[in-house]
Structures are given as C-alpha cells and as structure tokens.
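J.: Compute the structure for the input listed below.
(2 chains)
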There are 2 protein chains.
Amino acid sequence: MKIIGEKINGTLKKVRRAIEERDSTFIGELALSQVSAGADWLDINAGTAPDRETEDLLWLVECVQDVTDIPLCLDSANPEPLTAAAGIVARTPMINSISLEQQKIREILPVVREYRCDVIALAMDDGGIPASTEERLRIIHNLMEEMDKAGVTPDRIYLDPLVMGIATNTASGGIALETIRSAATLYEGVHFCAGLSNISFGLPQRSLINQVFLTLAIEAGLDTAILNPLDRELRGAILATELVLGRDRHCQRYTRASKNGLIGRVAVS
Amino acid sequence: MKIIGEKINGTLKKVRRAIEERDSTFIGELALSQVSAGADWLDINAGTAPDRETEDLLWLVECVQDVTDIPLCLDSANPEPLTAAAGIVARTPMINSISLEQQKIREILPVVREYRCDVIALAMDDGGIPASTEERLRIIHNLMEEMDKAGVTPDRIYLDPLVMGIATNTASGGIALETIRSAATLYEGVHFCAGLSNISFGLPQRSLINQVFLTLAIEAGLDTAILNPLDRELRGAILATELVLGRDRHCQRYTRASKNGLIGRVAVS
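T.: The predicted model follows:
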C-alpha cells in the first residue's frame, strides 16, 4: 500500500497563507513530516487562483525539493502549471489528475505523455460522475484506450473510482468497491488510488467509516491512497488490513509500527 | 449481522465464582446487559467440571430465563448437559458446537436433530483443524452431508471457519476469509459464525486487528459473530461495515447507535 501525502494543498487555509507569505520553512516542515511518516509521494496543490497558480506551484515544488527528494504528485486542473512544474521536478512526477472530460484529454494527457508521468485517472467524463458501476467501467474503458493511444502504460496509471458520500446514496461504498474489483480483473498491472474522506461526509464518527472503507478497498484492490500520513488511525487500518490479508511477512511492519507508536486510536467521546 | 453474547462463560473467573455461589443476580445482570446492548443470542457455558456441568448449565439457563426470553446458545462438548438444557429452554436453542469429530457426530448431532436446534458447525475433524482452505472445505462438505442426513436444514447451520492466529501463520486470516467466501457460494442459505479474538493472539493492539478482520469477514459473508456485545469498538466496526456495504437503509442504524453512544473508540496509548 502506497501513500500520497495530502497536506500541501493551497485550498487549506494555513497552506494558503504560507504560499502567500512565501513561508518556505512551513512548507518544508509539512513536507518532511509527511516523508518521516512514510509518504511515498507528496501531493502539491497551489490552490485555485488562476493568475498565480503556475508561479505558486513552482515555488512549492522548489520548497519541497530543497528538503527532500521524494517524488511529487502535481495537483492541478490546468495544463500550464502542470507543464511548468513537470519541467523542473527532480524525479518522475505523478499528475493529479486526468479524466475522460474533453479538456483533460486535450490539455492534460499531452503533459503526461511528454514528461512520461504517472497519472491519476478519474472515472468521470463531461457528464460528471456516473451513478452506476457499469457507467464508471465504461468510462474507464474509454480512458484506458485514450491513455494507450498516448503511450501511457498500465503500470503508470492510477485509476480513481471516485468515492462519493454514503449519506446521500447508501450504494456509494459498494459502487466504489465494485468498480475497483471489476477494473482490477480487466486491466492487468494498473494501480488504484482513492481519496477516502468523501465516503463519510455528513455522518458522525467519520474516521471510523473512513477506516472501514479503506480496509474494504484494500481487499478489493486499492494499492494507493491520498491521505494524511500522520493520521495514526488510518495508518493502523492500513497496516492491520495488510496483516490480516497475509501481506505482512512475520508481522514485522505491523509490530514495528505499533512499537514505534505510529498506529493507534484517538478517543472519540 | 447477528451477535451471540459471549459473556456467560464458566471458564471466566467471575462467572465461575457466580456459578459456585449460585449468584443469580450476577448472572441475570450479565444476561440483561448483553440483551440491552443488542445481543441476538446468549452463549451459556457452564465451565468444564464434568461432575457438575449439567447441574450448573441448567441453573444458568434458569437464571437467564428468569430475566429475559432471548434465545440461548448452549455451549458444551458433552451430550448430557446439552440434552438436559435443550429440554428446558423456552425457545429453540443454538448448540455450540458440532464438528466432523466422530464423538460430535455420534453424540451431539442427535441432540440437534431431536430438539430441532440451530447449530454451530466447526470446520475440523479428528485430525484437528486443517491448515488449508481446501481441507476445511472438504470437512465442511462432509459435515453438510452428515447434517443433511440428520435432517438439519442449511438455514439452521452456522458454519465456523475456525479463525487461527496470524502471529503463528500469516495466512490464517486469508484462510478463514476464503473458507467463508467459498462455502457461501457452495451452500445456499447457510449462515457463517466465528469467534474473533484468536486472530490477534500474541500481537499488539489486538482490538484493531479484531475489528479489521471482522470488517473483512462481514464482506466475505460472515453474518453472525460470538463476541462481547458491550464492546463499543466491535459494535462500531459492525455498524460501519454494514453502512459502507450499503446494508443500512438511510444510514439509520449507524447514526442512531452513534447518537446513543453505543459505538466508539477506546484510546490506545
């Protein structure tokens, strides 16, 4: 199970301020803390201000690369900042994200091709996020064809089933799990990536729901997640799930993490 | 998901003492607290002293039936106490347990047949608990044949895959899950029941492992578990799993339990 650290995100207030004030110490610490906690990539999102997104993203990339050589996951909806950042990163980046939306195929997929990036591919098109598993699989099918034409091999693709809230549709969990399970049998070598927190939107004790969903998604085939690597509960869920599924030789990763205080619970009243 | 409350067990020190002192108040409270917490059956185990097991079991059954009419799960390795207790229970009991061991087929299965009990059937024979999924499925096949001959219909059978510790064999979790998954496709209408705590024996932060295993087992087909219904963490795992799997209409059971403080976490340092 690989982790994309989610904390360097310009839509979060503290990060937004650090970007505006060019507080490289704050960003550097945010990077290093996630790396020490075991992140495999760091997501870098400069926020949504179109007039300075490129400049801000380049500054963030430099801040992070000043303190660590972890690969970066460049997170933007726009080709300009992605192209600029892909040109200065030290290691092959991941692009977050493309989809079957025409703008993404036309403008973002060429960046993925040119810089031979890894890429997160969302199961949606210009009609939005489809309600059913079948529709998502149809979109994934077309997306895989587009990426194949662009020379993007399956091992570079991280399919995101798009996890929606259970509160508005109780089938949401099953749809995401079934999309992963089915696509895993259809596309050999492809990866699966998801954000977790949508699933529990509007419900109480959200971290419990997020953990249970993470456990079930790992069993279904999820091998990458965008999350806060400092979250001891999610780390615990990942390590315990891999342990129960027989993927932790001699139980070493679980017992070592437990001993080092990296997994555990936060009391919920 | 149905719960068999596990707390009235004469191998536990406090319960042993209550049985010896004929402390019906203690036993009555142990029964009522589990019923209020949502148990569907109460397991009744009188301990292992052969000279007084029948007498003790009958006393326990009477204590419990004085305060509640919940169905009972009569837990013994011996036919005498089971026959005596099956004769006095107010509602159809469950028998815990039979297996393919010759003594069980010869002595316990007739009790199940005579009193038309539900029954927990363990995937083991006189050779012990088999190491592989295939061997367990072979035993289950033979057990199902024996029960069919005795007229025990699948809806009365609770197959127990026998959950072993991960610490001694990292494949243990996968074997139990795969046994449930395969048997569920082979035997329509049959139930699955398991004890949870063995899985984490010898490992740190056991409740985390137990919860993750429970979540994966429910997805695999487990519909009954022997556990402490007062355990807020296990209750939380069950309700959140059913929620994520789309089995909680309007999210009502989960949100109500959360509101009533029935689910939650215990802080682990």
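
J.: what about the strand or helix carrying residue A:256 and chain B, touching?
T.: Using DSSP states H and E, residue A:256 sits within helix A:252-259. Yes - using CB under 8 Å from any CB of the partner chain, a contact is recorded between helix A:252-259 and chain B, made by A:254-255, A:258-259. The way it works is simple: take the backbone N, C-alpha and C, and place the C-beta from them, glycine included.

J.: Same list (the residues you listed) but as a markdown table, adding pLDDT and neighbour count.
T.: Formatted as a markdown table, the residues of helix A:252-259 next to chain B follow (pLDDT from 0 to 100; neighbours: other CB atoms under 10 Å in any protein chain shown):
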| residue | pLDDT | neighbour count |
| --- | --- | --- |
| A:254 | 97 | 26 |
| A:255 | 97 | 18 |
| A:258 | 94 | 20 |
| A:259 | 93 | 10 |
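
J.: For those, work out which two are farthest apart.
T.: By the measure CB to CB, A:254 and A:259 form the most distant pair in those, at 9.6 Å.

J.: So for those two, which residues contact both of them?
T.: With contacts taken as CB atoms under 8 Å, 6 or more residues apart in numbering or on different chains, the residues that reach both residue A:254 and residue A:259 are residue B:204.

J.: so what does whatever helix or strand residue A:4 lives in touch, helix or strand wise?
T.: For residue A:4, the host element (DSSP H and E) is strand A:2-9. Contacts defined by 3 or more CB pairs under 8 Å, 6 or more residues apart in numbering or on different chains; DSSP states H and E place strand A:2-9 against helix A:13-20, helix A:24-36, strand A:41-45, strand A:224-227.

J.: Mean neighbour count, these: which tops it?
T.: Mean neighbour count (mean count of other CB atoms under 10 Å in any protein chain shown) peaks for strand A:41-45 among those, with a mean of 24.

J.: Who are the contact partners of the closest residue to residue A:120 other than its chain neighbours?
T.: Leaving aside its chain neighbours, residue A:120 sits nearest to residue A:97 (4.0 Å; criterion: CB to CB, 6 or more residues apart in numbering or on different chains). By CB under 8 Å, 6+ apart, residue A:97 lies in contact with A:75, A:104, A:108, A:119-122, A:160.

J.: By neighbours, which of these wins?
T.: The most neighbours of any of the contacts of residue A:97, using other CB atoms under 10 Å in any protein chain shown, belong to residue A:121, which has 28 neighbours.

J.: picking up where we left off before, who does the strand holding residue A:4 pair up with?
T.: strand A:41-45 (parallel), strand A:224-227 (parallel) (DSSP bridges).

J.: quick revisit: who does the helix or strand hosting the residue nearest to residue A:120 pair up with?
T.: Per DSSP H and E, residue A:97 falls inside strand A:94-98. When pairs are called by DSSP bridges, strand A:94-98 turns out to pair with strand A:72-75 (parallel), strand A:118-122 (parallel).

J.: picking that back up, any idea how far residue B:78 is from the residue nearest to residue A:120?
T.: Residue A:97 sits at a distance of 63 Å from residue B:78 (criterion: CB to CB, to the nearest Å).

J.: got it, and residue A:76?
T.: Per CB to CB, residue A:76 is found 70 Å from residue B:78.

J.: ok, the two, which is more surrounded?
T.: residue A:76 (25 against 16).

J.: Excluding chain neighbours, what is closest to that one?
T.: residue A:82 is the one closest to residue A:76 (CB to CB, 6+ apart), at 5.2 Å.

J.: Could you give the number of residues near that neighbour?
T.: 26.

J.: Correct me if wrong: it contacts residue A:114.
T.: No - assessed by CB atoms under 8 Å, residue A:82 is found out of contact with residue A:114, at 10.2 Å.

J.: State the pLDDT value of residue A:269.
T.: pLDDT recorded at residue A:269 is 35.

J.: Check what contacts the strand holding residue A:4 and list those residues.
T.: By CB under 8 Å, 6+ apart, strand A:2-9 touches A:15, A:27, A:30-31, A:33-35, A:37-45, A:47, A:60, A:64, A:73, A:75, A:94, A:96, A:193, A:195, A:223-230, A:238.

J.: Give me the pLDDT value at the residue in the stretch 51-200 of chain A that chain B sits nearest to.
T.: Closest to chain B within the stretch 51-200 of chain A is residue A:173: 3.9 Å, counting by CB to the nearest CB. pLDDT recorded at residue A:173 is 98.

J.: ok, it touching residue A:165?
T.: No - in this structure, residue A:173 is not within contact of residue A:165 by CB under 8 Å, at 9.6 Å.

J.: between those two, who's got more neighbours?
T.: Per other CB under 10 Å, whichever of residue A:173 and residue A:165 has more neighbours is residue A:173, with 27 against 17.
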